[in-house]
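Student: model this:
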Amino acid sequence: MADDEEVALYAPTGEVVGAAPRSVVRARNLGHAASSVVVRDPMGRVYLHRRTTTKDVYPGLLDFAAGGVVLAGEDPAVGAVREVEEELGVAGVPLEPHGSTHYADEHTDYVAVQFVTTWDGPIRWQPEEVSWGEWVTVEELVRRLDEEPATVVPDSCAVWSSTVRSWHADRVLLEQGWDNMTTLVEGRWVDRVGRRPEAESALLAEVRLLAVLADGLPLEVPRPVVLDRHPVRVRHTLVAGTAVDPPSLTAADGRHFARFLVALHATRPALAAEVGCPAAADDHAHRAARVARFRDVVLPALPAAVRPAGESLLKRVATVREQALCHGDLVAEHVLGHDGHLSGVIDWGDARVTDPALDLAWALNASSEPFAQAVADGVGATANLRARSRAWWALTPWFEVEHGLERRLERQGHGDADGQQLDGALRVLVDRLRWWQGG
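Tutor: Below you'll find the predicted structure:
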């Protein structure tokens, strides 16, 4: 922008009060207006860039807002569109108005007209304006504002600090499990942080797996990306919908779910090994270890009358037959519905090559009859596949009982706060085992 371009003069309250050449505005530090656009990517990161050392204000400092002075007679929103395209190459996306505020110091005096936009394209720096840049998480940006304030332009800090800090604070812990901590961020994204090295490896494998699978599945699935490495944190956009109500599922839902399963199970099993998920060669060892653990920990806790049935069930699921790439934990809580139809499948942390009947366990044995029949018809379920799905559904309560028994052991001498929950889980297991026997 040339020095002699006419710049609109603004009062601190936001009214236009005249115009003057840009060089005069700078020399006299006259009040004016400037656009201030924060650019975020689809995962909520903010673009942080370094101003060139030739800038007339705050040369060489970091900035996380793009923008420039508002010209005489110019709508600030029009100026914002121009400036963010010139500085960063961001174009063709809507700018969301975010209010305005007055800022002044010994270098500048202006009304900041604020906007936020989301951009998933390439960044192209304007050489005269920007010398470097990168996407940073909101957490990293707040850290810089707190620990390295002298490196960041003071006006953007003042104008945007409350907004950025509100983004940073807007997080709700959804689950603190054994493997991961899961957090809802700004009501839009889901973050998961691995709690152990094995869990971190599984998160990275899930990122790679879903990047390959997502486009080929007829239901929406998370598309996580890696935000941090130490510790590993992955983020995905919140998948629309809420957990389905099994009795309310329809035959149309069942046909949709069947198409999803057919597409998933048709994936080449070798993909699992390529992305780091448990592969076909791991299936036998995984089952053997799980069965041994259940036999040692859970079976002795069962009433004597049902232990033989429990032993038979463990033998049944230990045998490797058909294998496919599976979700591994398809229950109602992980199948979402939205606006009257199925919308997505979440929680892919157990994805692996195993018996495809595992993915049918809930659908064929704990849903509505129209849904179950449509799923069975859609996948071409044989009698053997149905029987295996029944066995897997009978095994489901064993995991909760195992966890409860381990917690009881850990709390020995400190009371049994989880006793009622464990007793309830044992009752469910026994009832499910008798149901399996009756099949």
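Student: return the backbone torsion pair for the residue nearest the centre of the chain.
Tutor: Centroid check for the chain by CA atoms, centre = their mean gives H236 as the closest residue, at 2.4 Å. The phi and psi torsions at H236 (degrees, to the nearest 10) take the values phi -140, psi 160.
Student: show me which helix runs longest in this structure.
Tutor: When the chain is parsed with DSSP state H, its longest helix is helix 383-410.
Student: next helix or strand past that helix?
Tutor: helix 419-438 (DSSP states H and E).
Student: in that following helix, what's buried?
Tutor: Across helix 419-438, burial judged by 16 or more other CB atoms under 10 Å covers 422, 425-426, 429-430, 432-433, 436. The C-beta positions use only the backbone N, C-alpha and C, and glycine is treated the same way.
Student: first vs last residue of stretch 244-260, how far apart are they?
Tutor: 16 Å (CA to CA, to the nearest Å).
Student: now it: how far from the chain's centre is it?
Tutor: 24 Å (CA atoms, centre = their mean, to the nearest Å).
Student: can you name the residues in contact with that stretch?
Tutor: Identification of contacts with stretch 244-260 by CB atoms under 8 Å, 6 or more residues apart in numbering yields 217-219, 332, 335-337, 341-342, 345, 362-363, 366-368, 370-375, 377-379.
Student: and stretch 360-373, by the same measure?
Tutor: So stretch 360-373 is contacted by 246-251, 253-254, 257, 261, 330-332, 375-376, 379, 381, 385-386, 389-390, 392-393, 396 (CB under 8 Å, 6+ apart).
Student: so which of those residues are in helices?
Tutor: Reading helices off those with DSSP H, I get 251, 253-254, 257, 261, 375-376, 379, 385-386, 389-390, 392-393, 396.
Student: let me know the closest of the residues you listed to P12.
Tutor: Among the ones in helices among the contacts of stretch 360-373, D253 lies closest to P12 (CB to CB), at 58.3 Å.
Student: residues near the closest one, how many?
Tutor: 23 (other CB atoms under 10 Å).
Student: R144 too?
Tutor: 17.
Student: residue contacts, it?
Tutor: Contacts of R144 (CB under 8 Å, 6+ apart): 48, 62, 136, 151-152.
Student: report the buried members of the residues you listed.
Tutor: 48, 62, 136, 152.
Student: which one is the third one nearest to, not counting chain neighbours?
Tutor: This means V136. L48 (4.9 Å; CB to CB, 6 or more residues apart in numbering).
Student: check the last one too.
Tutor: For V152, the nearest residue in space outside its immediate sequence neighbours is L62; the separation is 4.8 Å by CB to CB, 6+ apart.
Student: repeat that for R316.
Tutor: A391 is the one closest to R316 (CB to CB, 6+ apart), at 4.8 Å.
Student: got a list of what the one you found touches?
Tutor: Contacts of A391 (CB under 8 Å, 6+ apart): 313, 316-317, 357, 436.
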